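Participant: Sequence plus predicted model, see below.
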Amino acid sequence: MERKLYTARLDRKVCISESAQCFHFEFVIDELESFPFTAGQFVSTVATDPNGKQQTRAYSIASAARGKSFDLCVNRVEGGFFSNHLADLTDLPPGGTVKIHGPHGHFILRTPITDSILIATGTGIAPMRGFVQWLFPEDGPDRSEGRDIWLVYGTRHETELYYQEEFEALAAKHPNFHYLATLSRAGDSWTGLRGYVQDHVARIVEERAARLGQTLPVAPIDPATPASELNFDIYAYICGLNNMVSGVREKLAGYGWHRKQIIFERYD
């Protein structure tokens, strides 16, 4: 079935990390009254390369739904057609357009909302920003239902922490939102967390279990239990490169977590 293509107009473009060449994009679909999607989904962008070949690239939406607008967070990739097509002002200046289809994907928050650990590296932060904006909207009711929401964001250098001020402001405003940024190659001036996301996720799980009087690893679930009857009091949502995703999944499996409570999306 042929997918419906929309024309997305670039309203704003900002380089949010010079060192990583990461860009924040804000698009508007003028032909629609609204562009509804569920936080965590992605759109596919479509364009013709210099050789006349149609190229398609999927990007996680880096925002919650708001009218007919949506955001993307994209790293420029050396030799990559689409990331450079989006990043270059000559190809896509403000007011320029790109074709998209979507929304697509099932990397979304499970309901009812539970305690949740959001784990990301690099531009894997994009769907997490969508989750957080949906849970804690600026001009609407808090949807977190008082659950503890941890955002564990790992990268190499401080200059590669995207949307840091935004997340810090939310953490200051909402006591149940915990923002943990960790660097694997931190400089001497960095006073925050160091190391890999797996280590900090492990600490969250262990401290939470101790606070609730739970024993780790948790008891296994009867394999005969239908998927529709599985209920968990905490979920993990993971987005990033394969090695990180695999590492976190293995760590959580070691605590006895069920595979259904570990939701992930990887992009390599």
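Facilitator: That came in fine, so what should we check first?

Participant: Domains in the protein, by residue range?
Facilitator: Domain assignment for the chain by automatic domain parsing gives 6-104, 115-266.

Participant: quick one: the strands in this protein?
Facilitator: 6-17, 22-28, 42-48, 54-60, 69-75, 97-104, 115-121, 149-155, 177-183, 193-194, 234-240, 262-266 (DSSP state E).

Participant: I'd like the domains of the chain laid out as a markdown table, including mean neighbour count and mean pLDDT.
Facilitator: (Each C-beta comes from the backbone N, C-alpha and C, glycine too.) Output for the domains of the chain, formatted as a markdown table (neighbours: other CB atoms under 10 Å; pLDDT from 0 to 100):
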| stretch | mean neighbour count | mean pLDDT |
| --- | --- | --- |
| domain 6-104 | 17 | 95 |
| domain 115-266 | 17 | 96 |
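
Participant: still on that earlier bit, any chance of the strands of the chain in JSON lines with distance to residue 200 as columns?
Facilitator: JSON lines is the format used below for the strands of the chain (distance: least, CB to CB, whole Å):
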{"stretch": "strand 6-17", "distance to residue 200": "21"}
{"stretch": "strand 22-28", "distance to residue 200": "22"}
{"stretch": "strand 42-48", "distance to residue 200": "26"}
{"stretch": "strand 54-60", "distance to residue 200": "22"}
{"stretch": "strand 69-75", "distance to residue 200": "22"}
{"stretch": "strand 97-104", "distance to residue 200": "30"}
{"stretch": "strand 115-121", "distance to residue 200": "9"}
{"stretch": "strand 149-155", "distance to residue 200": "5"}
{"stretch": "strand 177-183", "distance to residue 200": "6"}
{"stretch": "strand 193-194", "distance to residue 200": "6"}
{"stretch": "strand 234-240", "distance to residue 200": "12"}
{"stretch": "strand 262-266", "distance to residue 200": "16"}
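
Participant: Tell me which of the ones you listed approaches residue 246 most closely.
Facilitator: Between residue 246 and the strands of the chain, the tightest spacing by CB to CB is seen for strand 262-266, at 8.3 Å.

Participant: Tell me what angle that closest one forms with strand 115-121.
Facilitator: Between strand 262-266 and strand 115-121, the angle comes out at 20 degrees (axes from the mean of the first three to the mean of the last three CA atoms, to 10 degrees).

Participant: Spit out the contact partners of the nearest residue to residue 15 once chain neighbours are set aside.
Facilitator: Of all residues not flanking residue 15 in the chain, residue 23 sits nearest, at 5.5 Å (CB to CB, 6 or more residues apart in numbering). Residue 23 is in contact with 13-16, 73-76, 86-87, counting by CB atoms under 8 Å, 6 or more residues apart in numbering.

Participant: Distance-wise, check residue 23 relative to residue 83.
Facilitator: As for residue 23, its distance to residue 83 is 8 Å (criterion: CB to CB, to the nearest Å).

Participant: same thing with residue 241?
Facilitator: According to CB to CB, residue 241 and residue 83 sit 16 Å apart.

Participant: same thing with residue 29?
Facilitator: 21 Å.

Participant: cool, residue 210 as well?
Facilitator: From residue 210 to residue 83 the distance is 43 Å (CB to CB).

Participant: same thing with residue 107?
Facilitator: 20 Å.

Participant: Could you do residue 263 as well?
Facilitator: Counting by CB to CB, the gap from residue 263 to residue 83 is 26 Å.

Participant: how about the nearest residue to residue 166 once chain neighbours are set aside, what does it touch?
Facilitator: Spatial nearest neighbour of residue 166, excluding adjacent residues (CB to CB, 6+ apart): residue 129 at 7.7 Å. Each residue near residue 129 by CB under 8 Å, 6+ apart is listed here: 62-63, 71, 73, 163, 166.

Participant: In TSV, list these along with distance to residue 191.
Facilitator: What follows is the contacts of residue 129, written out as TSV (distance: CB to CB, whole Å):
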residue	distance to residue 191
62	27
63	29
71	29
73	25
163	19
166	20
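
Participant: Nearest to residue 144 among those?
Facilitator: Nearest to residue 144, judged by CB to CB, of these is residue 166 at 16.3 Å.
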